[in-house]
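Participant: Below is the sequence, then the predicted model.
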Amino acid sequence: MTIDYEPITPPGRLDALRELRLPIDALRWAPSWLAMKSGRAAKPRTVILLPGFGAGPRSMQVVKSFLGRRGHRALDWGLGLNTGDVRKFRAKLTNIVAEAIEAHEERVVLVGWSLGGYIAREYAREREREIRKVITLGSPVIGGPRYTATAERYRSQGHDLHEIERAVAERYATPLRVPVAAIYSKRDGIVAWRACIDQWSPRVRHVEVSETHVGLVLAPRVMAIVAEEVERD
């Protein structure tokens, strides 16, 4: 399958410097965190959290804590560090999701940051009956790592980025029927924001925020959006 899209420029060094604004952003968030009332969800959901490339469950702790205060059952993915092996993690998620469904007798919501969001989408593409919704945070759905700050790292390991991009595009031949909320930011210094835009899956809703890539799993505004999407029927 061939996917046509506008030319995408991967983040450069100057773009990556945006991530250094995190301490300033944290000060900006402080009043919002103090003013936020988490409340309790009318219908608690089971949520599995997928970390980004090179990150582990601790990177999703703020998301987990916030959803927990809302009354949701927010679970770590249980697979440790995300090393970037998409196919392996997609396969291993099968048992994790099955156990969550059996324990709570309901379909699950997958919330994934960066590459974790891509893994979540592709799992849902194959096993739609198990997934209520997918929520992605700065996740590249075009080009794989080619349009991210990790591109050179992949190249140095001998990966053909053009081949990965082609393989990602081929996945669209199987429709993605599960609802997806794709949260992205033009301030993202790690993933090109245009690579986060899915123009071909009809059930994807895009939500723009103004945060760094790391801020997507820390900012109160993003947490509020994630909770709203988890609770939206």
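Facilitator: Yep, that arrived. Everything quoted here is computed from the prediction, not taken from an experiment.
Participant: For the helix or strand of the chain with the lowest mean pLDDT, buried residues please.
Facilitator: Scoring the helices and strands of the chain by mean pLDDT, DSSP states H and E places helix 13-16 at the bottom, with a mean of 84. Buried residues in helix 13-16, counting neighbours by 16 or more other CB atoms under 10 Å, are found at D15. C-betas here are computed from N, CA, C, even on glycine.
Participant: can I get the CA coordinates of it in CSV?
Facilitator: Output of helix 13-16 as CSV, limited to C-alpha atoms (Å, rounded to 0.1, in the frame of the first residue of the first chain):
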residue,chain,number,x,y,z
ARG,A,13,19.2,19.6,17.0
LEU,A,14,17.4,23.0,17.4
ASP,A,15,14.1,21.2,17.7
ALA,A,16,15.5,18.9,20.4
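Participant: For the helix or strand following that helix, name the packing helices and strands.
Facilitator: For helix 13-16, the succeeding helix or strand toward the C-terminus, using DSSP states H and E, is helix 22-35. On a contact count with 3 or more CB pairs under 8 Å, 6 or more residues apart in numbering; DSSP states H and E, helix 22-35 meets helix 220-231.
Participant: Check the model's average confidence along the helix it packs on for me.
Facilitator: The average pLDDT within helix 220-231 is 97.
Participant: what does that helix rub up against?
Facilitator: Applying CB atoms under 8 Å, 6 or more residues apart in numbering, the contact partners of helix 220-231 are 29, 32-33, 36, 38, 41-43, 45, 47, 62-63, 66-67, 70, 72, 109, 111, 133, 135, 137, 181, 183, 207, 209, 211, 215-216.
Participant: are any of those residues buried, and which?
Facilitator: Neighbour counting with 16+ other CB under 10 Å marks 29, 41, 45, 47, 62-63, 66-67, 70, 72, 109, 111, 133, 135, 137, 181, 183, 207, 209, 211, 215-216 as buried within the contacts of helix 220-231.
Participant: quick one: contacts for the closest residue to D25 other than its chain neighbours?
Facilitator: Using CB to CB, 6 or more residues apart in numbering and skipping the chain neighbours, the partner closest in space to D25 is G215 (5.4 Å). With contacts defined as CB under 8 Å, 6+ apart, G215 is in contact with 22, 25, 185, 187, 222.
Participant: The third one: neighbour count?
Facilitator: Neighbour count for S185, taken as other CB atoms under 10 Å: 23.
Participant: hey, what's it bridged with?
Facilitator: When assigned by DSSP bridges, S185 has beta-bridge partners V209.
Participant: Specify the local secondary structure of the residue nearest to D25.
Facilitator: Classification of G215 using DSSP: H, G, I helix; E, B strand; the rest coil returns helix.
Participant: Could you check how far it is from P23?
Facilitator: To P23, G215 is 11 Å away according to CB to CB, to the nearest Å.
Participant: With A169 instead?
Facilitator: From A169 across to P23, the span is 38 Å (CB to CB).
Participant: more neighbours, these two?
Facilitator: More crowded of A169 and P23, by other CB under 10 Å: A169, with 18 against 8.
Participant: Which helix or which strand is home to that one?
Facilitator: Using DSSP H and E, A169 sits within helix 161-170.
Participant: low-scoring stretches of this structure, by residue?
Facilitator: Counting by pLDDT under 70, the chain contains low-confidence residues at 1-5, 38.
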